[in-house]
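Participant: Show me how the following folds:
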Amino acid sequence: LVARPCRRRSAARPPGRMPPTLRRKVVVIGDPAVGKSALVHMFASSGTRFPKQYNMTCGVELAHKITQVAPPAAESEANVELYMFDSGGQDIFDEMLPPFWEGADGAVLVYDVTRGHTVDACAHRFRRLLQVLGQDRLPGAVVANKIDLHERAEVERGAGHALAEAFGLGYFEASAKDGDGVDAPFQHVAAELLKLGSRPADEVAQDL
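Facilitator: As a prediction, this is how the structure comes out:
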């Protein structure tokens, strides 16, 4: 018998067929005023909606956007509909957040490069999220926000990398104000979730 090499079928979709759309729930966590809401708004609005004034997020705000994932980030082209749960960073909301976190598929951790303690806060909040979910790992991204304020930066880049590596997350730098680097962390999360396979749409809908 002669072994014949297997030919891998092309992942290209047939002409005229729309790529599949997967729905995923992502929580956005971090201390107050690190720019979580601004980051979410800028991503969801494709850079057209930056909050002019700071308004404290009371509890959770929901935003969503369909982002396209294509090779090499995925084997084939697909759309991932991200439902982003922007979680209030104030301590007074700590007790009300876990029910909104249940069923989360991924997370985006945001810290402010001008305030060193916000890095440790990300680690604390992410551990709590994992506890709520009953998991030891979760796909996600760490975002060093406000890089436009580099002259006031207190956090070394290495600290952000260390945080991301500790939890197996991607590391990204962004300026929600300038719109720089806003899309990358969410696209990374979408690609990671796509690799994990699908979760029944009705199951995801129950967690929204």
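Participant: who's in contact with the most centrally placed residue in the chain?
Facilitator: The geometric centre of the chain, computed from its C-alpha atoms, lies nearest to residue 108 (Cα atoms, centre = their mean), at 3.5 Å. By Cβ atoms under 8 Å, 6 or more residues apart in numbering, the residues touching residue 108 are 26, 27, 28, 29, 39, 84, 140, 141, 143, 185, 186, 189. Bear in mind the C-beta positions are built from the backbone N, C-alpha and C, glycine included.
Participant: Turn those residues into TSV, including distance to residue 102, secondary structure and pLDDT.
Facilitator: Formatted as TSV, these follow (distance: Cβ to Cβ, whole Å; DSSP: H, G, I helix; E, B strand; the rest coil; pLDDT from 0 to 100):
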residue	distance to residue 102	secondary structure	pLDDT
26	13	strand	97
27	10	strand	96
28	15	strand	96
29	14	strand	96
39	23	helix	95
84	15	strand	96
140	16	strand	98
141	20	strand	98
143	23	strand	98
185	22	helix	98
186	21	helix	97
189	18	helix	97
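Participant: remind me which residues of the protein are low pLDDT?
Facilitator: Residue ranges of the chain with pLDDT under 70: 1-19, 49-59, 89-90, 92-93, 198-208.
Participant: which helix of it spans the most residues?
Facilitator: The residue-count maximum for a helix in the chain (DSSP state H) belongs to helix 117-133.
Participant: Now do the buried residues in that one.
Facilitator: Neighbour-count burial for helix 117-133, counted by 16 or more other Cβ atoms under 10 Å, picks out 118, 119, 121, 122, 123, 125, 126, 129, 130, 132, 133.
Participant: picking that back up, report the separation between the spatially closest residue to the residue nearest to the centre of the chain that is not a sequence neighbour and residue 142.
Facilitator: Among residues not flanking residue 108 along the chain, residue 28 sits closest, at 4.7 Å (Cβ to Cβ, 6 or more residues apart in numbering). To residue 142, residue 28 is 12 Å away according to Cβ to Cβ, to the nearest Å.
Participant: what's the answer for residue 100, then?
Facilitator: Residue 100 sits 21 Å away from residue 142, going by Cβ to Cβ.
Participant: How about residue 38?
Facilitator: Distance of residue 38 to residue 142, computed by Cβ to Cβ: 17 Å.
Participant: Look at these two and report which has more neighbours.
Facilitator: Applying other Cβ atoms under 10 Å to residue 38 and residue 142 shows that residue 142 carries more neighbours, namely 28 against 24.
Participant: How about the secondary structure of the more buried one?
Facilitator: Here residue 142 is strand, with the state taken from DSSP: H, G, I helix; E, B strand; the rest coil.
Participant: Contacts only, for it.
Facilitator: Residue 142 makes contact with 109, 111, 122, 160, 163, 164, 167, 169, 170, 171, 172, 185, according to Cβ under 8 Å, 6+ apart.
Participant: Thanks again, I'm all set now.
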